[in-house]
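Student: Turn this into a model:
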Amino acid sequence: MASLASRVPAPGARRVVPRARANGRRAARASAADTERLGPRDASTRPEVSFREPASSYASREHLPTPLASTTEAGTRDPAKLTRASSRRALLAAAAVAPVASAAGAALATGPGAAPADPRSYFQDVPTLFAPLYGEDSRETRLREIVPGEVYALEQNLALGPLETPLRCVVVKLKDGTCWVHAPVAPTREFFELAESLGKVAHVVVPTYALEHKIFAKAALERWPSAKLWVAPGQFSFPVDVPLATVFGREPDGVLGVLGGDATGTDGRDGAMGLGASKNASRPPWLDEIACDVLRCGRFAIAGKDVTLYESVFLHVRSKTLIVTDCVAYVPRAVPELQTPSKLLLVGKRSTDDATPPDTFENRLNGWKKMALLVTYFFPEHEELVKPGLVEWSDGWEDNFDALAERLLVPPVVRATLFNQDPKRVRAFVDRVCASWEFDKVVPAHWAAPVAAGPTEFARAFQFLENPAIDAFPEGDMKRGLKPIADAVARRE
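Tutor: Here you go, the predicted model:
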């Protein structure tokens, strides 16, 4: 994926993304033979929680080997252009408001152009805070089989400058053989073809308000025009209000939630959706296979408007799989396989003045740990701005990573800015999920998945609701980035 700090290939690097303004909805016209020249990302490390990769995955084909030092185009760009400390902090400051920003500029249309030759390329026609901001980019997609024949994950990376985090779309195969697609990712030909290899897409679900989980729904619906669109309440645009028909390309077929309500959340109510149509905002036909509960996460003051935010969570009953977006996550110790090696080495440096270290397992792992701290806290305790242009990591950062990793938790940004607003409402949601649903694995939209966890582990992640001192994150990590944001924009109930 392209970084925000550099859009220029390194000298001698072959450009694989054409200048044509082409989105994934036209990608099917490109020649499949072009797949042969793709360069792979590194796969020398595996996720902490492993699962099967179907034979249909692009990444498993023999023409895509995975050597230790392999990189994509994004990895070959000049790393020196990513090392400016002031630029990185500016990017992270912008990213801090990303969880509460939404599809501004969604009315923009993609202009005419030839389909991209690279099945991993696409054109992002809505301005965002993550790469590529606006324009062309390339993302690899990996297909994972979570439950054989029933539940799958399509994974890409979400990038902000040198920082990358896994982003996941979940596909459930319904009893009638059609597919239910949760939070489509970047609309590349590779993504579409992998999804279609599982069956005909009949339903597209936008589970929350967050931009990265809904921005690509419009392109997915253009690719799959017969699919039904189901959205969580609380949809909004910022800084300009635009109709939902513009954001998604058409009106939603239904709004998730109970007791009426609309997609803007004006009257939407959180709670478990039942099978009785009279109690539901909409009655999806898949509700007897995939249960749904809607959580009212919290409220924000955005551009003078009081906005209520929701997240919909789902249970695939037969496979006992809990599907969530942002409410819980699991940060692995092992480096995810889609991470770009050059970015890991860059972020892993002790000082921005240091030379890029040798490409070793240890240096990649250090880069991953620091990247996880930066993505999680924005301004972690041990990343010190010594002077303009110079950042150094002080001792103790590994202990802070250890406090974060390898456990099911509510991400600090969600906990600090949303769930702390109304602990009783969130507790009621947790109690509903744990009392009513039987599950043995959780699949979040970020970081690692699937996570071996049931109701007990899920409830444990929310212990802080009763006492904020329980399971607290390091104070030094929280105070520089997340606490000021929460104090500035969160609305207390």
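Student: so where's the stretch 201-350 of the chain shaky on pLDDT?
Tutor: For the stretch 201-350 of the chain, the stretches with pLDDT under 70 are 238-239, 259-269, 274-282, 302-304.
Student: what ranges do the helices span in it?
Tutor: 217-223, 244-247, 341-347 (DSSP state H, counting those that start in this stretch).
Student: now for those helices, which one comes closest to V324?
Tutor: The minimum distance between V324 and the helices of the stretch 201-350 of the chain falls on helix 217-223, with 17.7 Å, by Cβ to Cβ. Yep, even glycine has a C-beta here, placed from its N, CA and C like the rest.
Student: The closest one packs against which elements?
Tutor: strand 201-206 (3 or more Cβ pairs under 8 Å, 6 or more residues apart in numbering; DSSP states H and E).
Student: Hmm, P184 and V171 touching each other?
Tutor: No - proximity of V171 to P184 does not meet the contact threshold set by Cβ atoms under 8 Å, at 9.6 Å.
Student: Among the helices of the stretch 201-350 of the chain, which comes closest to E155?
Tutor: Using Cβ to Cβ, the helices of the stretch 201-350 of the chain put helix 217-223 closest to E155, at 15.8 Å.
Student: about what we covered before: specify which residue of V171 and P184 has the higher count of neighbours.
Tutor: Set V171 next to P184 and count neighbours by other Cβ atoms under 10 Å: P184 wins out with 28 against 23.
Student: I'd like to know how far the spatially closest residue to that one that is not a sequence neighbour sits from P187.
Tutor: Using Cβ to Cβ, 6 or more residues apart in numbering and skipping residues adjacent in sequence, the residue nearest P184 is A220, 3.9 Å away. Distance, A220 to P187, by Cβ to Cβ, to the nearest Å: 6 Å.
Student: what do you get for A461?
Tutor: In terms of Cβ to Cβ, A461 sits 32 Å off from P187.
Student: buried set for the longest helix belonging to the chain?
Tutor: In the chain, taking DSSP state H as the definition, the longest helix is helix 361-377. Of all the residues in helix 361-377, those buried under the rule 16 or more other Cβ atoms under 10 Å are 363-377.
Student: Ok, stretch 202-217 next?
Tutor: Buried residues in stretch 202-217 (16+ other Cβ under 10 Å): 202-217.
Student: got it, and stretch 407-424?
Tutor: 408-423.
Student: Can you give me the first-to-last residue distance of that stretch?
Tutor: For stretch 407-424, the first and last residues are 23 Å from each other (Cα to Cα, to the nearest Å).
Student: Repeat that for stretch 433-446.
Tutor: 20 Å.
Student: Stretch 272-291 too?
Tutor: 8 Å.
Student: before we move on, the earlier item: list the residues that contact the residue nearest to P184.
Tutor: Contact analysis of A220 by Cβ atoms under 8 Å, 6 or more residues apart in numbering lists 181, 184, 187, 201, 204, 227.
Student: Repeat that for L465.
Tutor: Counting by Cβ under 8 Å, 6+ apart, L465 touches 419, 423, 426-427, 430.
Student: What does the residue lying closest to it once chain neighbours are set aside show for phi and psi?
Tutor: Nearest non-adjacent residue to L465, counting by Cβ to Cβ, 6+ apart: P423, 4.3 Å away. Reported as degrees, to the nearest 10, the phi and psi values for P423 are phi -60, psi -30.
Student: that older thread, got a markdown table for the contacts of L465, with secondary structure too?
Tutor: As requested, the contacts of L465 are arranged in a markdown table below (DSSP: H, G, I helix; E, B strand; the rest coil):
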| residue | secondary structure |
| --- | --- |
| F419 | helix |
| P423 | helix |
| V426 | helix |
| R427 | helix |
| V430 | helix |
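Student: And the residues you listed, which is closest to V313?
Tutor: Closest to V313 out of the contacts of L465 is V430 (10.4 Å), distances taken as Cβ to Cβ.
Student: For that closest one, grab the count of nearby residues.
Tutor: V430, neighbours per other Cβ under 10 Å, totals 19.
Student: can you pull the contacts of it?
Tutor: 458-459, 462, 465 are the contacts of V430 under Cβ under 8 Å, 6+ apart.
Student: Which one (most neighbours) among those residues?
Tutor: F462 (24 neighbours).
Student: Not counting its neighbours along the chain, what's nearest that one?
Tutor: Closest to F462 by Cβ to Cβ, 6+ apart is V430, at 4.9 Å.
Student: Same question for E193.
Tutor: Per Cβ to Cβ, 6+ apart, closest to E193 is P119, 7.4 Å.
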